[in-house]
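In: Fold the following for me, if possible:
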Amino acid sequence: MSVGEARARTGGKRPEAVLLDVREKPEWRAGHAPGAVHAPLTGLVAGAALPVSTRGRALVVICRSGHRSQRAARLLAGRGADAVDVVGGMNAWAAAGYPVVGERESGGPPA
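Out: Numbers count the residues shown, from 1 in each chain. Now for the predicted structure:
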């Protein structure tokens, strides 16, 4: 799904889906979408459970560029979740001018 569709589905007062960021902790800290939930792909692959706040909800999965989120969405769908990935990831999110929160270690775009 596009970043525009992702923002529409996960934003607002009553979002229909959870934005699940599967990047690693340093990337998350460098900048993430407001309201996103963090669950690194490495943990998911190792069998970690999803955060409680995501259970039973549709998941819009995002990473830096779209590769890890695609893998995570397939993994989660295999576990029975309603999961789709965001094409272009946080790179596309930031390029579209959508908000990013968090400490930026380098002062550059989100990792």
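In: which helices and strands sit right next to the top helix by length along the chain?
Out: In the chain, ranked by residue count with DSSP state H as the criterion, the top helix is helix 67-78. Judged by 3 or more CB pairs under 8 Å, 6 or more residues apart in numbering; DSSP states H and E, helix 67-78 is in contact with helix 41-45, strand 58-62, strand 83-85, helix 89-95. The C-beta positions use only the backbone N, C-alpha and C, and glycine is treated the same way.
In: Next, the angle from the second one to helix 67-78.
Out: The one in question is strand 58-62. Interaxial angle of strand 58-62 relative to helix 67-78 (axes from the mean of the first three to the mean of the last three CA atoms, to 10 degrees): 160 degrees.
In: Can you list the strands that strand 58-62 pairs with?
Out: Paired with strand 58-62 in the same sheet, following DSSP bridges, are strand 17-21 (parallel), strand 83-85 (parallel).
In: Turn the helices and strands packed on helix 67-78 into JSON lines, including mean pLDDT and distance to residue 7.
Out: Converted to JSON lines, the helices and strands packed on helix 67-78 look like this (pLDDT from 0 to 100; distance: least, CB to CB, whole Å):
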{"stretch": "helix 41-45", "mean pLDDT": "97", "distance to residue 7": "21"}
{"stretch": "strand 58-62", "mean pLDDT": "99", "distance to residue 7": "9"}
{"stretch": "strand 83-85", "mean pLDDT": "98", "distance to residue 7": "13"}
{"stretch": "helix 89-95", "mean pLDDT": "98", "distance to residue 7": "8"}
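In: Quick check: closest non-adjacent residue to residue 17.
Out: Closest residue in space to residue 17, ignoring its immediate chain neighbours: residue 58 at 3.9 Å, by CB to CB, 6 or more residues apart in numbering.
In: and what of residue 15?
Out: That would be residue 9: by CB to CB, 6+ apart, it lies 6.7 Å from residue 15.
In: shouldn't the one you found be in contact with residue 62?
Out: No - between residue 9 and residue 62 no contact is recorded; they are 11.5 Å apart, counting by CB atoms under 8 Å.
In: Please identify which of those two sits among more neighbours.
Out: residue 62 (31 against 18; other CB atoms under 10 Å).
In: I appreciate the help and will end here.
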